[in-house]
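> Structure of the sequence below:
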Amino acid sequence: MFEHNPGCLPACGFPAASTQFCSEPNFCPKSGGPGSGSCQEPVTGESPVPVLPTGETPVTMPTVETTGAPGSNGTGGTEAAPIRPNGCTVEWGIDYDGNSISGHRGYAVKDMEQCMDDCAALEQCNVWTYHPRSSSCWLKTSSSGRKAADYAISGAKMCGDGTGTGTGTVASPIRPNGCTVEWGFGYYGGSINGHSSLSVKDWAHCSNLCAALNECLFWLYRKPDSKCWLITSNTERKVNPNGISGTKECGGE
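Numbers count the residues shown, from 1 in each chain. Next comes the predicted model:
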């Protein structure tokens, strides 16, 4: 079973809208293993996951820890909510330990933006880890060493623009540890009554509403019409070009 993963497609020479499939996020696998630079064809008879939930068998994902989320008035809008490329995932409080690329370990950068841009510009880089306290960056081939770490922020190659300049044209707010935001994905599971299709300003507003509601653990923001869903589970995680999803911890302003 292969998961449709737009994050790996540009590195394979396919457009983001391609129906090619890859077996692991941020990699372009072949029989020799992930990270080889070539893509798998779709499994016979399998089609890309639809933009909106229609009851198909979901692509599963390990549940993210969601304890200790801060309270919030849910107003949103006081901190930048950047729209990044589909396939981008940023995880605050997570380190992708190991698999660093020689010559790209712990070097000084301006900010998180420069770290992700450097990864996008380096062919062998698939993921990155940024240490905000020292403003240092590690470029990596794999996220296999993923672990909780209060000193780190990590993410996918797709988050960067490939310039490696870190000019700050997209804001890089530092969010609470435990926050994960995924651009181009939707979480569909356990929608909370009375908290579906809410009109919001941006995805930060949506995450703040989740933080303010005890039973909410995850949220889904739909870009075209700025609608928000507050949900209790991320077990139904699907590719959605119009979606941004994340954890309760991202809110709390």
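> T129 against S154, yeah?
Yes - if you go by C-beta atoms under 8 Å, T129 and S154 touch, sitting 4.5 Å apart. Placement of C-beta: from N, CA and C, glycine included.
> Now for those two: what residues contact both?
Residues touching both T129 and S154 by C-beta atoms under 8 Å, 6 or more residues apart in numbering: D95, Y96.
> show me where pLDDT drops low in the stretch 101-250 of the chain?
162-174 (pLDDT under 70).
> From what I see, E182 and N240 are in contact.
No - applying C-beta under 8 Å, one finds E182 not in contact with N240, separated by 9.6 Å.
> Looking at those two, which is more packed in?
Comparing E182 with N240 by neighbour count (other C-beta atoms under 10 Å), the higher total belongs to E182, at 29 against 24.
> Quick check: which element contains that one?
Applying DSSP states H and E as the criterion places E182 in strand 180-187.
> For the helix or strand containing E113, buried residues please.
Using DSSP H and E, E113 sits within helix 112-121. Within helix 112-121, the residues that qualify as buried are M112, E113, Q114, C115, M116, D117, D118, C119, A120, A121, counting by 16 or more other C-beta atoms under 10 Å.
> a markdown table for those, including distance to G103?
Formatted as a markdown table, the buried residues of helix 112-121 follow (distance: C-beta to C-beta, whole Å):
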| residue | distance to G103 |
| --- | --- |
| M112 | 20 |
| E113 | 20 |
| Q114 | 16 |
| C115 | 15 |
| M116 | 18 |
| D117 | 17 |
| D118 | 11 |
| C119 | 13 |
| A120 | 17 |
| A121 | 14 |
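> which one of those sits closest to S207?
Nearest to S207 among the buried residues of helix 112-121 is M112, at 17.7 Å by C-beta to C-beta.
> The closest one and Y130 touch, don't they?
Yes - counting by C-beta under 8 Å, M112 touches Y130, with 4.7 Å between them.
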